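**Q** Got a predicted structure plus its sequence, pasted below:
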Amino acid sequence: MVGADDQPVTRPALDLARRRIHGLYLIVDPQATRGRDVVAVAEAAIRAGAGVIQYRDKVKMKGEMLPEVRRLRDLCRQAGVLFIVNDHADLALVVEADGVHVGQKDLPVAELRRILPPTMIIGCSTNNLAEARKARDDGADYVGIGSIFPTATKVDTRPAGLETIREIRAAGLGLPLVGIGGITAENVADVVRAGADAFAVISAVCAADDPAAAAAELIARAEKALM
């Protein structure tokens, strides 16, 4: 597929991603919510202004995930925010999610693009410009970049850093860039100044005493950094 720095790529999902992937991108993980309902945590973040919710569960079987995923899908539809499922394209299709997010060791973006509807967003985790460019060329609609900072949420991360965001932004791939990994209220300003369209967090909101307040603070600091 020809890339945005060669000639424009046009896909319904890419157009949707460009318009709506920005600001707080919350990844809700049942293992990170301190026993609280994932839907309640997501709803609190949406009230504060989160624009994207991703469901991520590395423990349960897909049949066990399905009821939670459906409830999150309903919440996001009612609120008008994007709903993404991590890893499982079949689960995303079953619940009619807005998209699916995959890593470098999951089903390849090019294969997903062949089987998913053109309106479904595909996001891909990347660690460097080469991976980001390949994801774009294979049909991704946005790329995650990380790990920007050290994180305890995922054990097999590779360090990227703010300079990686700057490099990928300068390459002009034409996709939304989502920074991820160790992002907190203290460093989110650096992430958006480096060129990220959105900042993905798990524990900074899911594990907070007050998820709505934590989400609001992240958003406020990111917006202030761009003024």
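**A** Ah, there it is. Numbers count the residues shown, from 1 in each chain.
**Q** Now stretch 220-227: average pLDDT?
**A** Stretch 220-227 shows a mean pLDDT of 96.
**Q** what's in contact with it?
**A** Gly23, Leu24, Ala185, Val188, Ala189, Asp190, Val191, Val192, Arg193, Phe199 (Cβ atoms under 8 Å, 6 or more residues apart in numbering). C-betas here are computed from N, CA, C, even on glycine.
**Q** what's the offset of that stretch from the middle of its chain?
**A** 19 Å (Cα atoms, centre = their mean, to the nearest Å).
**Q** hmm, back to that, any chance of the contacts of stretch 220-227 in a markdown table, plus distance to Gly179, neighbour count and pLDDT?
**A** As requested, those are exported to a markdown table (distance: Cβ to Cβ, whole Å; neighbours: other Cβ atoms under 10 Å; pLDDT from 0 to 100):
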| residue | distance to Gly179 | neighbour count | pLDDT |
| --- | --- | --- | --- |
| Gly23 | 12 | 18 | 98 |
| Leu24 | 11 | 27 | 98 |
| Ala185 | 14 | 18 | 98 |
| Val188 | 9 | 26 | 98 |
| Ala189 | 11 | 17 | 98 |
| Asp190 | 9 | 16 | 98 |
| Val191 | 4 | 28 | 98 |
| Val192 | 8 | 22 | 98 |
| Arg193 | 11 | 14 | 98 |
| Phe199 | 5 | 28 | 98 |
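**Q** Which of the residues you listed fall within helices?
**A** Val188, Ala189, Asp190, Val191, Val192, Arg193 (DSSP state H).
**Q** closest to Leu162 among the contacts of stretch 220-227?
**A** Asp190 (5.8 Å; Cβ to Cβ).
**Q** C-terminal to the lengthiest helix in the chain, what's the next element?
**A** Longest helix of the chain, by residue count under DSSP H: helix 62-79. Sequence-wise, the next helix or strand downstream of helix 62-79 (DSSP states H and E) is strand 82-86.
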